[in-house]
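> kindly generate the corresponding structure for this input.
(one chain, ligands or ions: 1)
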Amino acid sequence: MTDFAATKAMFHLPEGVLYLDGNSLGPLPKAAAGGVQRMLSDEWGQMLITGWNKAGWMGLPTGLGDRIGRLIGAEAGAVVVGDTLSIKVYQAVASALEHNSKRKVVLSDNGNFPSDLYMADGLLRSLGAEYELRVVDPENVADALTEEIAVLMLTEVDYRTGRKHDMKALTQMAHANGVVTVWDLAHSAGAIPVDLAGCNADFAVGCTYKYLNGGPGAPAFVYVAPRLAPNVRPALSGWLGHEAPFNFDLDYRPGAGIERMRVGTPPVIQMTALSAAMDVWDMADIAEVRAKSIELTEMFIDQVETSCPDLELASPRDPEQRGSQISFRFHEGYAAMQALIARGVIGDFRAPNIMRFGFTPLYIDENDVIQAADILADIMTNKLWDTPEYKTRQRVT
Ligand SMILES: *Cc1c(COP(=O)(O)O)cnc(C)c1O
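Numbering: from 1, shown residues only. Below is the predicted model:
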């Protein structure tokens, strides 16, 4: 059984703050500061360059990959960590396209996170005019899976509303039509159980600073199914994905399996912080995290719908159809979120009118949810958002 009081105690949560934004940036695991400090002084400080071997820095990308792999149903040795998610999207889509080289169309949906669409579009423009990015409504993805499509690139959980695609069914349908899949797990990893192997997924990517709590700028991960990895050509063929980087050969030969999806030197300091975050995940059962998340989100919806008639639920009502976030539409959503943040309830706002709240059972409990909903009710009932100070948009919303 996951001891949620114990996991909550592993995080630094500032006094007076109810943090409902772990879907954007997870909080600081208490052990991260000491872990990074030790890495700096004992490893970098004392070992200098010998740390790559002595402290095992070179093994961090695959070691962390396997620890994340446990949460997303990946086979051992199928996940590697490095770079940002946007880069990993590019890398996965490029390899997937090449795997299906007779076809020229990448299919996605308009609920996808823009960076994924931008990266795919940039890649396709480099490849040539015969390539196309086709973007449809989320509910029309299945019908658009024709024999023209090379790659289906989807984010499993919609960043705005939390709506969840059926990964198993869509992957099966894609394969039946000869389509290779790339799943983005940015809002899935650490939020809901994912079964990449069981879904027969091809490629997957995700970030580690949201539900996984790796810290701002923590590196992303990429998964390649072991049945595909030996035949995947990495488009970003950096030296650390080479079969023998320290031979310094002039020709590129991809490394074994997932190793080939490495690019350059890993960010060791950031990976040390991520290791501390994964220590907390080692205490958790993701199925229990999911069950608790459903309880918390159901409580929040009930309480908000009872006390805030001006807010309209934007997330699916059926918990099985959504991830671990709840969104409400409100025409002054930005101002209302600023008013909430001023009262210590941190969520975020996504244009044009979405107030978004993330539920993260590792460190958010029933009491937090009740208090947050009470404060929201006060702000809505008394229109505390209706002041010019809350209506001026900042750079990051
Ligand atoms: C958060 C998120 C990103 C962000 O990409 P970075 O390169 O890490 O900034 C990309 N795609 C999706 C689906 C996301 O949710």
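> ranges for the strands of the stretch 51-200 of the chain?
For the stretch 51-200 of the chain, strands defined by DSSP state E, counting those that start in this stretch occupy the ranges 79-81, 105-109, 132-136, 149-155, 180-184.
> format these as CSV; extra columns: distance to the ligand.
Every C-beta, even on glycine, is put in place using the N, C-alpha and C of the backbone. Below are the strands of the stretch 51-200 of the chain laid out as CSV (distance: least, Cβ to the nearest ligand atom, whole Å):
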stretch, distance to the ligand
strand 79-81, 12
strand 105-109, 11
strand 132-136, 14
strand 149-155, 4
strand 180-184, 5
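> mind checking the end-to-end distance for stretch 317-337?
The first residue of stretch 317-337 is 22 Å away from its last residue (Cα to Cα, to the nearest Å).
> and that stretch, anywhere near the ligand?
No. Judged by Cβ under 6 Å from any ligand atom, stretch 317-337 makes no contact with the ligand; its nearest approach is 10.7 Å.
> what residues of that stretch count as buried?
For stretch 317-337, the neighbour count (16 or more other Cβ atoms under 10 Å) marks 319, 322-330, 332-337 as buried.
> what's the most buried one of the strands of the stretch 51-200 of the chain?
Highest mean neighbour count among the strands of the stretch 51-200 of the chain (mean count of other Cβ atoms under 10 Å): strand 79-81, with a mean of 30.
> sorry, back to before: how about the buried residues of stretch 317-337, which pair is most distant?
319 and 335 (28.9 Å; Cβ to Cβ).
> can you tell me which of the buried residues of stretch 317-337 end up in helices?
Counted as lying in helices by DSSP state H, out of these, are 333, 334, 335, 336, 337.
> in CSV: the residues you listed, plus distance to residue 397 and pLDDT.
Formatted as CSV, those follow (distance: Cβ to Cβ, whole Å; pLDDT from 0 to 100):
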residue, distance to residue 397, pLDDT
333, 10, 96
334, 7, 96
335, 11, 96
336, 12, 97
337, 8, 97
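> of these, which is the nearest to the ligand?
residue 337 (18.1 Å; Cβ to the nearest ligand atom).
> which strands border the helix or strand of the chain with the lowest mean pLDDT, and is each parallel or antiparallel?
Ranked by mean pLDDT, DSSP states H and E, the weakest helix or strand in the chain is strand 348-350, scoring a mean of 93. In the sheet, strand 348-350 lines up against strand 354-358 (antiparallel) (DSSP bridges).
> and the partner strand, what's its mean pLDDT?
The average pLDDT within strand 354-358 is 97.
> tell me the angle of the helix or strand following that strand relative to strand 354-358?
Next along the chain after strand 354-358, taking DSSP states H and E as the criterion, comes helix 366-381. If you take axes from the mean of the first three to the mean of the last three Cα atoms, to 10 degrees, helix 366-381 sits at 160 degrees to strand 354-358.
> what residues does the stretch 151-300 of the chain have near the ligand?
Contacts of the stretch 151-300 of the chain with the ligand, taken as Cβ under 6 Å from any ligand atom, map to 155, 159, 184, 186, 187, 207, 220.
> okay if I get these as CSV plus distance to residue 136 and pLDDT?
What follows is those, written out as CSV (distance: Cβ to Cβ, whole Å; pLDDT from 0 to 100):
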residue, distance to residue 136, pLDDT
155, 14, 98
159, 17, 96
184, 16, 98
186, 20, 98
187, 20, 98
207, 24, 97
220, 25, 98
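> return the member of these nearest to the ligand.
Among these, residue 186 lies closest to the ligand (Cβ to the nearest ligand atom), at 3.1 Å.
> touching, the closest one and residue 194? I think so.
No. Counting by Cβ atoms under 8 Å, residue 186 stays clear of residue 194, with 11.6 Å between them.
> how about TSV for the strands of the stretch 51-200 of the chain, with distance to residue 1 added?
TSV is the format used below for the strands of the stretch 51-200 of the chain (distance: least, Cβ to Cβ, whole Å):
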stretch	distance to residue 1
strand 79-81	26
strand 105-109	37
strand 132-136	42
strand 149-155	31
strand 180-184	29
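> of all those, which lies closest to residue 258?
Minimum separation from residue 258 across the strands of the stretch 51-200 of the chain (Cβ to Cβ) falls at strand 79-81, 4.8 Å.
> report the rounded mean pLDDT for that closest one.
On average, strand 79-81 scores 98.
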